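Asker: Any chance you can model this:
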Amino acid sequence: EHSYIEPEAGFARRVGDSVEIQACTQSPYMDRADIAKVLGIAPEKVRVIPTAVGGGFGSKLDLSVQPFIALAAWKLNRPVRMVYSRTESIVSTTKRHPARMKLRAGATRDGKLTALDFSADFNTGAYSSWGPTVAGRVPVHASGPYRVPHYRALTRAVHTNIVPAGAFRGFGVPQAAIAQEQVYDDLAGKVGMDPLEFRILNALDNESATVTGQVLGEGVGIRACLEALRPNWGSARAKAAAFNAKEQGPLRRGVGVAGMWYGCGNTSLPNPSTVRIGLKRDGRIALHQGAVDIGQGSNTIVTQICADALGAPIRQFDLISGDTAITPDCGKTSASRQTFVTGKSAHMAGTRLREEILKRAGPWQSGVIEFRGGVINIVDAGAVTLLDLSTLPLDEHGYVITCEATFDPPITPLDENGQGKPYAVYGFGAHMAEIEVDVELGTVRVLKVTAAHDVGRAINPTLIEGQIEGGVAQGLGMALMEEFFPGKGEN
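Answerer: Predicted structure coming up:
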């Protein structure tokens with residue numbers, strides 16, 4: 001259960017022959033298409049305005065209150081609002097996919113992985129939701145971020161009569177990681193290797209191919225993440241051994257390690273994002289970007305990237321976010337895609353606006369752009385050129401200059417043997433956990449988690465730290481504190 005702070009909520013009203021919905025969602029354009037089908041009207045007659053979202057983690061990719069309030073507003077011609085209670089939220093929304101997984105792996109005597117055979121059934125419940133997406137993503141990831149020369153992965157999303165399962169932070173990859181990392185621990189033990197060194201030995205690098213045959217090139221950081229744990233790994237294991245040697249009671253301590261990777265965006269499918277940027281006569285900049293911020297900070301990060309490309313201060317921007325009537329489609333907020341995909345679109349749009357400003361000011365190829373109200377100064381090699389915005393005509397969008405850019409990551413479909421380029425980029429990380437177990441009661445206490453992540457260029461370090469710490473907390477909940485029994489309880 002996702003258990004976000006904000007339960008599902010929204011309100012709707014009919015506006016002539018159109019309907020307007022304001023609700024918590026991760027995917028406004030998908031909602032628009034679905035609501036149009038429900039009402040039997042054209043998608044252009046449906047306007048979806050995402051509210052500030054108090055957490056989503058995947059569940060708010062699916063419809064919740066939206067069709068109910070839209071239908072009521074459409075039929076009654078009156079404003080309608082709806083808020084789920086916590087009980088209603090838990091009862092009616094999707095859960096993480098239960099999985100039955102079987103793995104068999106092999107390694108040489110010196111610890112090099114030779115093969116992994118993986119099969120899994122994911123229980124998607126009474127409705128498919130994102131079950132096919134989970135079944136398609138997991139085979140790409142079930143090897144972990146390691147070189148596995150011989151690999152087979154077979155997955156199914158299976159319908160049953162229980163609560164539907166859907167998207168939940170990772171689309172099935174966390175379930176596969178739990179299984180694969182345990183198998184690699186067992187293999188390391190069989191060949192007499194340290195578990196961390198076993199992973200470092202087998203880690204992907206810039207030149208090695210993934211299990212889909214993709215060579216990622218520069219930027220494969222998993223080995224660096226694992227190596228960053230080395231100093232703490234040795235000392236933590238020594239401390240745990242010393243504690244266990246002295247302990248007379250039921251408490252024992254241990255240290256574990258695991259690696260992870262995650263492909264950003266849709267699996268082998270088109271994944272475009274479009275951003276529009278407009279320069280106003282008063283020198284303000286309107287940034288139309290439809291990426292929904294569900295707490296991960298895309299409103300801040302996308303603006304930062306665009307400002308950097310344009311060469312303008314962030315305070316110059318007016319953000320127009322997530323409204324299907326006035327923002328282009330930036331795709332859904334899921335699969336760790338918005339900073340990468342929408343961020344790239346924003347960078348391209350900002351770059352184009354910079355080029356247009358320089359072009360209007362004269363034959364400039366470079367220079368510092370200074371915004372002085374309704375006048376822009378272009379400073380280059382001591383020379384200053386003025387661009388008076390009040391003299392320029394307005395375009396169809398009501399701006400002096402409008403630029404738009406679309407980015408779709410370069411991917412290819414997987415062939416019949418699962419070979420191709422399913423993602424343009426991956427994220428990598430490695431975690432070490434120090435725990436204390438009561439061997440009589442079976443209780444587990446986590447003493448410390450050390451996390452090393454390859455984040456590329458840290459656009460906003462504070463937000464990155466929040467994502468890592470939040471992921472650790474959610475992982476602890478999944479591993480130790482949360483279990484959902486369909487039909488037996490609400491929590």
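Asker: can we go C-alpha only for contacts and neighbour counts from here?
Answerer: Noted.
Asker: Where does the prediction get shaky in this protein?
Answerer: 364, 489-491 (pLDDT under 70).
Asker: Give me the residue at the spatial middle of it.
Answerer: Ser336 (2.0 Å; Cα atoms, centre = their mean).
Asker: How about that residue: what's its closest non-neighbour residue?
Answerer: Leaving aside its sequence neighbours, Ser336 sits nearest to Cys264 (Cα to Cα, 6 or more residues apart in numbering; 5.2 Å).
Asker: Contacts for stretch 449-463, please.
Answerer: 219, 221-222, 224-226, 228-229, 296-297, 301, 304-305, 427-434, 464, 468, 472 (Cα atoms under 8 Å, 6 or more residues apart in numbering).
Asker: ok but Val446 is inside a strand, no?
Answerer: Yes: according to DSSP: H, G, I helix; E, B strand; the rest coil, Val446 belongs to a strand.
Asker: isn't Gly278 right next to Cys306, touching?
Answerer: No: Gly278 is beyond contact range of Cys306, at 11.8 Å (criterion: Cα atoms under 8 Å).
Asker: buried stuff in the helix or strand harbouring Glu181?
Answerer: Glu181 is located in helix 173-190, with elements delineated by DSSP states H and E. Within helix 173-190, the residues that count as buried by 16 or more other Cα atoms under 10 Å are 173-177, 179-181, 183-185, 187-188.
Asker: Kindly report the same for stretch 407-414.
Answerer: Buried-residue list, stretch 407-414, by 16+ other Cα under 10 Å: Phe407, Asp408, Pro409, Ile411, Thr412, Leu414.
Asker: I figured Ser336 hits Thr267, correct?
Answerer: No: here Ser336 lies out of contact with Thr267, judged by Cα under 8 Å, at a distance of 11.9 Å.
Asker: Provide the contact partners of the helix or strand Tyr262 falls within at residue level.
Answerer: According to DSSP H and E, Tyr262 maps onto strand 251-263. Strand 251-263 has contacts (Cα under 8 Å, 6+ apart) with 141, 144-145, 170, 173, 177, 181, 195-196, 199, 222, 226, 233, 236-237, 240-241, 243-244, 335, 422-439.
Asker: Equivalent analysis for stretch 428-437, please.
Answerer: 145, 220-222, 225-226, 229, 233, 236, 251-262, 443-455.
Asker: Give me the distance between Lys190 and Val148.
Answerer: 18 Å (Cα to Cα, to the nearest Å).
Asker: Contacts only, for Glu6.
Answerer: By Cα under 8 Å, 6+ apart, the neighbours of Glu6 are Val53, Gly54, Gly55.
Asker: how about CSV for those, with distance to Ser119, neighbour count and secondary structure added?
Answerer: Converted to CSV, these look like this (distance: Cα to Cα, whole Å; neighbours: other Cα atoms under 10 Å; DSSP: H, G, I helix; E, B strand; the rest coil):
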residue, distance to Ser119, neighbour count, secondary structure
Val53, 36, 21, coil
Gly54, 36, 15, coil
Gly55, 32, 21, coil
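Asker: Just name the closest of these to Gly350, please.
Answerer: Val53 (26.5 Å; Cα to Cα).
Asker: what's the spacing between the closest one and Asn299?
Answerer: 12 Å.
Asker: Which of the contacts of stretch 449-463 are buried, as a ChimeraX select command?
Answerer: To isolate the buried ones among the contacts of stretch 449-463 in ChimeraX, judged by 16+ other Cα under 10 Å, type:
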select :221,222,224,225,226,228,229,296,297,301,304,305,427,428,429,430,431,432,433,434,464,472
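Asker: related to what we said a few turns ago, now could you export just the CA positions of the strand holding Tyr262 as PDB?
Answerer: C-alpha atoms of strand 251-263 as PDB (Å, rounded to 0.1, in the frame of the first residue of the first chain):
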ATOM      1  CA  LEU A 251      20.900 -10.400  19.900                       C
ATOM      2  CA  ARG A 252      23.100 -10.900  16.800                       C
ATOM      3  CA  ARG A 253      24.300  -8.300  14.300                       C
ATOM      4  CA  GLY A 254      25.000  -8.600  10.600                       C
ATOM      5  CA  VAL A 255      25.800  -6.500   7.600                       C
ATOM      6  CA  GLY A 256      24.400  -6.800   4.100                       C
ATOM      7  CA  VAL A 257      25.000  -5.200   0.800                       C
ATOM      8  CA  ALA A 258      23.000  -4.900  -2.500                       C
ATOM      9  CA  GLY A 259      23.300  -3.200  -5.800                       C
ATOM     10  CA  MET A 260      20.600  -1.700  -7.900                       C
ATOM     11  CA  TRP A 261      19.900  -0.100 -11.300                       C
ATOM     12  CA  TYR A 262      16.900   1.400 -13.000                       C
ATOM     13  CA  GLY A 263      16.100   2.300 -16.500                       C
END
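Asker: which other helices and strands contact the helix or strand just after it?
Answerer: Downstream of strand 251-263, the first helix or strand assigned by DSSP H and E is strand 273-279. Applying 3 or more Cα pairs under 8 Å, 6 or more residues apart in numbering; DSSP states H and E, we find strand 273-279 packed against strand 285-289, helix 343-361, strand 401-407.
Asker: where do the helices sit along the protein?
Answerer: 28-39, 66-76, 86-92, 131-141, 173-190, 195-202, 222-228, 230-246, 298-310, 343-361, 461-476 (DSSP state H).
Asker: Columns distance to Ser119 on top of those, output as TSV?
Answerer: Shown next, in TSV, are those (distance: least, Cα to Cα, whole Å):
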stretch	distance to Ser119
helix 28-39	31
helix 66-76	36
helix 86-92	29
helix 131-141	9
helix 173-190	10
helix 195-202	21
helix 222-228	24
helix 230-246	31
helix 298-310	35
helix 343-361	36
helix 461-476	23
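Asker: quick one: contacts for Gly367?
Answerer: Ile378, Val379, Asp380, Ala381.
Asker: swap that for Arg14, sorry
Answerer: Glu20, Ala73, Trp74, Asn77, Arg78, Pro79 are the contacts of Arg14 under Cα under 8 Å, 6+ apart.
Asker: Pull out the buried residues from the residues you listed.
Answerer: Here, 16+ other Cα under 10 Å leaves Glu20, Ala73, Trp74, Pro79 buried among the contacts of Arg14.
Asker: picking that back up, now for Val53 and Asn299: what residues contact both?
Answerer: Asp293.
Asker: list the helices and strands the helix holding Glu181 packs on?
Answerer: Checked by 3+ Cα pairs under 8 Å, 6+ apart, helix 173-190 has strand 99-107, helix 131-141, helix 195-202, strand 251-263 packed alongside it.
Asker: out of the ones you listed, nearest to Ser85?
Answerer: helix 131-141 (25.9 Å).
Asker: Show residues contacting that closest one.
Answerer: Here helix 131-141 has contacts from 97, 122-124, 153-158, 165-167, 171-173, 176, 211-212, 261-262, 267, using Cα under 8 Å, 6+ apart.
Asker: could you flag which of those are buried?
Answerer: Buried among the contacts of helix 131-141 (16+ other Cα under 10 Å): 97, 122-124, 153, 155-158, 165-167, 171-173, 176, 211-212, 261-262, 267.
Asker: quick one: terminal-to-terminal distance for stretch 6-18?
Answerer: Stretch 6-18: ends 28 Å apart by Cα to Cα.
Asker: I meant to write stretch 38-54 there.
Answerer: Note: stretch 38-54 ends 26 Å apart using Cα to Cα.
Asker: List the buried residues of it.
Answerer: Leu39, Pro43, Lys45, Val46, Arg47, Val48, Ile49, Pro50, Thr51, Ala52, Val53.
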